[in-house]
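Enquirer: Coordinates for the following, if possible.
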Amino acid sequence: MTDPAPILLWLRRDFRLSDHPALAAACATGRPVIPVVILDPLVEGWGAAPKWRLGLAIEAFASRLEEKGSRLILRRGEALPVLRALARETGAGAAAWTRAYDGPTRTRDAAVKAALREDGLAVDSHPGHTLAEPWEIETGQGGFYKVYTPFWKALRARGVAEPLRAPARIPAPARWPDSDSLEDWALGAAMRRGAAVVAEHAHPGEDRARDRLHRFLDGKLQDYAEDRDRIDLAGTSGLSENLAWGEISPRTVWHAGLRALDEGARGAETFLKELAWRDFAWHLMYHAPDLSARNFREDWNGFPWRRDSSEAEAWRRGRTGEPLVDAAMRELFVTGTMHNRARMVVASYLTKHLLTDWRVGLRWFEETLIDWDPASNALGWQWVAGCGPDAAPFFRIFNPASQAEKFDPKSAYRRRWLAEGQAQPPATARAFFEACPKSWQLSSDATPPAPLIELKAGRERALAAYQSK
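Expert: Reported below is the predicted structural model:
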């Protein structure tokens with residue numbers, strides 16, 4: 001006999017219908033499913049761009065649910081009291097969610113799960129955020145991988161489960177509980193005038209994520225291995241934004257890439273490796289929960305990092321005097337994303353040429369990225385800085401000028417994002433001045449800034465600091 005008690009489906013970063021194990025399991029019971037999003041203190045503490053982008057994900061997913069005869073319930077407050085209140089209001093007998101792997105979220109989820117079970121609810125957490133659960137891939141000695149290549153080989157050999165179909169129907173309760181208004185949450189408040197600018201570059205929702213994937217597979221994938229580092233070309237998938245919010249599952253992307261590989265697409269294996277790098281980041285964050293706060297390699301604890309400074313502020317504002325660095329920082333402010341090659345260049349410049357603590361940069365990306373992924377962000381910064389797992393050697397100091405010559409040979413990227421010095425700068429470059437805070441008092445006709453430090457001198461200073469650590 002079907003149990004009529006509803007199931008509370010707590011959604012966090014899994015705003016899709018397809019390949020959603022928690023949703024599929026809840027619907028398979030035949031019991032009413034009540035999808036819920038909770039604006040709790042952890043989420044309230046996110047940066048401006050991630051919170052704003054969360055709002056777009058919620059809005060798009062709410063529309064998908066309505067098409068299925070369901071709806072999304074929004075509540076604000078501590079997660080446990082909110083779920084308990086919903087259970088009382090609806091008579092729910094169970095709760096389910098997709099697992100997360102960062103330290104604060106795991107701590108919260110474990111406490112919520114234990115308390116709800118004590119209340120008599122059946123509670124299940126499900127996979128769905130990664131290709132494999134972080135504990136499923138182990139070294140021969142039983143530990144976790146700290147180097148990417150053997151991790152990739154183990155993941156590839158293990159295989160990835162096929163994605164699940166979207167449920168044909170989502171059983172609805174006889175009566176829906178009250179919901180907050182998304183508008184009242186004001187998730188975009190901290191974005192201020194920048195929200196309208198960044199909105200032109202965002203692609204929220206499951207439908208747009210799938211369109212993005214199919215367009216990439218039909219076009220850019222073939223030359224992906226050669227073009228993915230060219231910052232002047234649109235040679236990447238752009239799916240990091242949608243993967244960050246669970247608008248498409250990594251398993252869906254993996255199997256689409258695998259099919260393309262079987263069909264002979266040249267860039268498919270490189271693409272799969274990049275997807276696996278995302279899993280590697282979550283694998284590390286699960287086993288090293290303080291990855292975003294502490295040097296992974298303890299021998300770096302004595303390195304003379306500089307704290308936040310006026311030079312770091314110039315970096316944030318795209319005013320370092322290094323054209324490639326400044327162009328990338330402006331792309332970030334206008335679009336909420338940045339080309340991965342450019343992320344490495346700006347991170348190297350901050351941590352090495354300016355000797356600034358990598359956590360200063362990590363926090364700025366946490367504030368400004370619409371594809372903010374805590375694990376990838378932490379691993380990326382520690383990798384470039386040299387203090388992380390499988391990190392680039394510290395002496396690998398990216399030279400912004402030579403990187404520009406190699407990956408932006410005709411200056412197309414720099415012209416796209418830097419207005420100063422151009423008689424008729426493009427709309428993309430002008431948009432930065434529409435998005436940035438008025439308090440910065442920047443204008444497109446200003447004189448280009450002088451370099452903060454000569455590149456050769458910055459490199460020598462960084463190497464000297466490394467030798468003294």
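
Enquirer: and the closest residue in space to P21 that isn't next to it in sequence, what does it touch?
Expert: Distance criterion Cβ to Cβ, 6 or more residues apart in numbering; nearest residue to P21, sequence neighbours excluded, is H126 at 4.1 Å. From N, CA and C alone the C-beta is placed, and that goes for glycine too. With contact set as Cβ atoms under 8 Å, 6 or more residues apart in numbering, H126 has these partners: P21, A22, A25, A96, W97, T98, R99.

Enquirer: now those residues in TSV, with pLDDT?
Expert: Converted to TSV, these look like this (pLDDT from 0 to 100):
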residue	pLDDT
P21	98
A22	98
A25	98
A96	98
W97	98
T98	98
R99	97
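
Enquirer: Pick out whichever of those residues sits closest to R75.
Expert: Of all the contacts of H126, the one with the least separation from R75 (Cβ to Cβ) is W97, at 14.1 Å.

Enquirer: wait, isn't W277 in contact with F151?
Expert: No - contact criterion Cβ atoms under 8 Å: W277 and F151 do not qualify, at 9.0 Å.

Enquirer: These two: which has the busier surroundings?
Expert: F151 (22 against 17; other Cβ atoms under 10 Å).

Enquirer: would the more buried one count as being in a strand?
Expert: No - with DSSP: H, G, I helix; E, B strand; the rest coil as the criterion, F151 is helix rather than part of a strand.

Enquirer: low pLDDT regions in the protein?
Expert: Residue ranges of the chain with pLDDT under 70: 1-3.

Enquirer: so where do the strands sit in it?
Expert: 7-11, 33-39, 73-76, 94-98, 122-126 (DSSP state E).

Enquirer: Would you mind writing the CA trace of the third one as PDB?
Expert: It stands for strand 73-76. This file holds the C-alpha atoms of strand 73-76, laid out as PDB (Å, rounded to 0.1, in the frame of the first residue of the first chain):
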ATOM      1  CA  ILE A  73       8.800  25.800  -1.600                       C
ATOM      2  CA  LEU A  74      11.200  28.500  -0.400                       C
ATOM      3  CA  ARG A  75      11.900  28.900   3.300                       C
ATOM      4  CA  ARG A  76      14.500  31.000   5.100                       C
END
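
Enquirer: returning to that earlier point: the strands of the chain into TSV, with extra columns for distance to A225?
Expert: Compiled in TSV, the strands of the chain are given as follows (distance: least, Cβ to Cβ, whole Å):
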stretch	distance to A225
strand 7-11	35
strand 33-39	38
strand 73-76	43
strand 94-98	32
strand 122-126	34
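
Enquirer: Point out the one among those that comes closest to G267.
Expert: strand 94-98 (29.5 Å).

Enquirer: Packing partners of that closest one?
Expert: Under the contact criterion of 3 or more Cβ pairs under 8 Å, 6 or more residues apart in numbering; DSSP states H and E, strand 94-98 touches strand 7-11, helix 21-28, strand 122-126.

Enquirer: Quickly compare those and say which is most buried.
Expert: strand 7-11 (a mean of 25; mean count of other Cβ atoms under 10 Å).

Enquirer: who does that one pair up with?
Expert: With DSSP bridges as the test, strand 7-11 is paired with strand 33-39 (parallel), strand 94-98 (parallel).

Enquirer: contacts for the shortest one?
Expert: Think strand 94-98. For strand 94-98, using Cβ under 8 Å, 6+ apart, the contacting residues are 5-14, 20-22, 25-26, 31, 83, 87, 109, 116, 121-129, 246.

Enquirer: Could you do the first one as well?
Expert: Applying Cβ under 8 Å, 6+ apart, the external contacts of strand 33-39 come out as 6-12, 23, 26-27, 58, 65, 70-77, 79, 82-83, 86, 90, 92, 170-173, 176-177, 180, 185, 187.

Enquirer: Kindly report the same for stretch 400-414.
Expert: 229-232, 322-325, 327, 339, 341-342, 345, 349, 455.

Enquirer: Ok, stretch 204-211 next?
Expert: 15-18, 53, 56-57, 59-61, 63-64, 203, 239, 242, 245, 247-248.

Enquirer: Show me which of the residues you listed are buried.
Expert: 15-18, 53, 56-57, 59-61, 64, 203, 239, 242, 245, 247-248 (16 or more other Cβ atoms under 10 Å).

Enquirer: Of those, which belong to helices?
Expert: Of the positions in these, R53, L56, A57, E59, A60, F61, R64, N242 sit in helices, assigned by DSSP state H.

Enquirer: The first one against W245, yeah?
Expert: It stands for R53. Yes - using Cβ under 8 Å, R53 is in contact with W245, at 6.7 Å.

Enquirer: contacting residues around the closest residue to R461 other than its chain neighbours?
Expert: Nearest in space to R461, with sequence neighbours left out and distances taken as Cβ to Cβ, 6+ apart, is L355 at 6.7 Å. L355 makes contact with P304, W305, R306, R461, A462, A465 under the criterion Cβ under 8 Å, 6+ apart.

Enquirer: Name the nearest residue to the second one, sequence neighbours excluded.
Expert: Residue nearest to W305 in three dimensions, not counting chain neighbours: D357, with 3.7 Å by Cβ to Cβ, 6+ apart.

Enquirer: Can I get the strands paired with strand 7-11 in JSON lines including distance to D371 and mean neighbour count?
Expert: JSON lines is the format used below for the strands paired with strand 7-11 (distance: least, Cβ to Cβ, whole Å; neighbours: other Cβ atoms under 10 Å):
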{"stretch": "strand 33-39", "distance to D371": "19", "mean neighbour count": "24"}
{"stretch": "strand 94-98", "distance to D371": "18", "mean neighbour count": "23"}
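
Enquirer: Strictly from the record, what residue spans define the domains of the protein?
Expert: Domain assignment for the chain by automatic domain parsing gives 1-128, 130-160+193-287, 298-468.

Enquirer: Now the terminal residues of the longest one, how far apart.
Expert: The reference is to domain 298-468. 15 Å (Cα to Cα, to the nearest Å).
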